[in-house]
Each structure stands twice: as structure tokens, then as C-alpha cells.
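A.B. asks: got a sequence here, can you model it:
(one chain, ligands or ions: 1)
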Amino acid sequence: MREFNLEKILKTVSSKNPFPEEANSFKFLDIEIGAGTGMFALDYSLKNKNRALISVEKTSVKFLKFKNAFKKERRENLFPVHDNGISWSAHHLKKQSVDRFFFLYPNPNPKPGDLNKRFYAMPFMGFVISRLKDSGEIFFATNELFYRDEAITFMTKEWGLRLNHNIIIKKSDNPITLFEKKYLERGQPCYHFSFIK
Ligand SMILES: C[S@@+](CC[C@H](N)C(=O)[O-])C[C@H]1O[C@@H](n2cnc3c(N)ncnc32)[C@H](O)[C@@H]1O
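C.D. replies: Okay, the predicted model is just below:
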């Protein structure tokens, strides 16, 4: 696997958004990449008031919905960021500073030629792992069995992490994201799995 070219990103892509300094007052720092309209972020931050969650979403329309819901519900520990999660993380995340990363229903990019667009197969994942505390955990969710299986192979064999959780979510379970809600309503199983160092 190629190394993540941090220097190049820092030189060629400027950061639109700063790191929200208030997040530093929490003992735990969690990062969600691809927050969509923020269903998970709003619920998780309500249930985990002692943890800061920075939720990054790059698509303007989705982020606007997230921002509007956030304005109504306000959370002290949630920090929505409208940005590309890769370049924003490159600019702001310090080594061994993150407790949990969430990649929930990332676009699976199923075409064989698009492997390099799946997060676990990107050099960026090496950077994510370098930012994770030794006690930290990386969470994924998907409705695609091929994605789960391939992610497990990459995360354990390529990146040397250990599989910690691996569960199947069914229609009778409460959905944690809007995409999960849609898949469960269609009767599709969903997969939650996570990795530790
Ligand atoms: C399939 S949607 C899932 C949204 C949400 N997590 C859910 O489960 O309802 C994937 C989301 O990831 C966002 N996304 C993809 N790549 C991203 C990146 N590099 N940085 C930030 N957001 C990204 C997309 O804009 C999209 O909103």
C-alpha cells in the first residue's frame, strides 16, 4: 500500500474549517466521516455527553439538512463540519488523538476498478490508524456483504488491526443512520463491525 501523502495535502489543499477548539475540553474525541444528514451524530451525541463527536460531511445539500437539525436540537458535544473528511483530517488530527472513527454506510464503490475509492483500501486508512489512540476503535457499517468481507480482510491483513465486533442488524433493530433505516425497511440485513489496534 502506498503511503498517505500528508505533505502534499497540506501543501495543495487548504482547510476551509478549523478544528473546533471546544472539542478539546472533552476526555474522548470521536470522528465521523460521511455524516449525511446527521441522524447518527445527533443521536450518538445525546447518548454520549462525555464524548466530543466531530461529524464531517462533504455534500452541501446533506450538510445543510444536518446543520438545520443541529440548530434545532443543539448539542454541546457535537461539532458538524462541512468539508472533505480526508483533507480536513489531514490538516487537523494529531497523532494518537482519536478514540473512535465512524465510517457509516460509506459509498461502497462496487466496481472492481474503484477499489482505491473504498476507505479501507486507501492510503488514508494508514493515516486514520496513526491518529487513533492505542485504546481506540474504528467502526464501519454497510449493507453490502462484499464490502464487509473485503473491509475485514484489509483492516486485519493490510493494516494489522484486530476485528472487535462483527454483528448483523435486522429489521427488528433500531436503525442508527438514515441509510440504515432505508435498507432495514427494505428487509436487507446490515452489518456493523469494528477494529482495534
Ligand atoms: C451513503 S451516504 C451515508 C450517509 C450517512 N452516514 C448514513 O448512513 O445515513 C455517504 C455519505 O458520505 C459522504 N462522503 C463521502 N466521502 C466523503 C468524504 N471524503 N468526506 C466527507 N463526507 C464524505 C457523502 O457525501 C454521503 O453523504
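A.B. asks: which strands and helices lie in contact with the top strand by length along the chain?
C.D. replies: As assigned by DSSP state E, the longest strand anywhere in the chain is strand 132-142. With contacts taken as 3 or more CB pairs under 8 Å, 6 or more residues apart in numbering; DSSP states H and E, strand 132-142 sits against strand 98-104, helix 145-153, strand 162-169, strand 190-196. C-betas here are computed from N, CA, C, even on glycine.
A.B. asks: TSV for those, including mean pLDDT and distance to Arg2?
C.D. replies: As requested, these are exported to TSV (pLDDT from 0 to 100; distance: least, CB to CB, whole Å):
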stretch	mean pLDDT	distance to Arg2
strand 98-104	99	20
helix 145-153	98	18
strand 162-169	98	24
strand 190-196	98	20
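A.B. asks: so which of these is the most surrounded?
C.D. replies: Highest mean neighbour count of these: strand 98-104, a mean of 22 (counted as mean count of other CB atoms under 10 Å).
A.B. asks: close to the ligand: what parts of the protein are there?
C.D. replies: Proximity of the chain to the ligand, by CB under 6 Å from any ligand atom, involves residues 33-36, 56-59, 62, 84-86, 104-107, 177-180.
A.B. asks: quick check on the residues you listed: which are buried?
C.D. replies: 33-36, 56-58, 62, 84-86, 104-106, 177-180 (16 or more other CB atoms under 10 Å).
A.B. asks: what residue ranges in the chain score low on pLDDT?
C.D. replies: Along the chain, no part satisfies pLDDT under 70.
A.B. asks: scan it for its longest helix.
C.D. replies: In the chain, taking DSSP state H as the definition, the longest helix is helix 60-73.
A.B. asks: other SSEs contacting it?
C.D. replies: Checked by 3+ CB pairs under 8 Å, 6+ apart, helix 60-73 has helix 39-47, strand 51-57, strand 78-82 packed alongside it.
A.B. asks: secondary structure class for Asn29?
C.D. replies: Slight slip there: residue 29 is Leu, not Asn. When classified by DSSP: H, G, I helix; E, B strand; the rest coil, Leu29 comes out as strand.
A.B. asks: tell me, how many residues neighbour it?
C.D. replies: Using other CB atoms under 10 Å, Leu29 has 21 neighbouring residues.
A.B. asks: for beta bridges, what are the partners of it?
C.D. replies: Per DSSP bridges, the residues bridged to Leu29 are Ala52.
A.B. asks: next, format the helices and strands packed on strand 132-142 as CSV and append distance to Pro112.
C.D. replies: Supplementary listing: the helices and strands packed on strand 132-142 in CSV, determined by distance: least, CB to CB, whole Å:
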stretch, distance to Pro112
strand 98-104, 21
helix 145-153, 11
strand 162-169, 24
strand 190-196, 21
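A.B. asks: what's the closest of those to Tyr44?
C.D. replies: Smallest distance to Tyr44 across the helices and strands packed on strand 132-142 (CB to CB): 8.1 Å, for strand 98-104.
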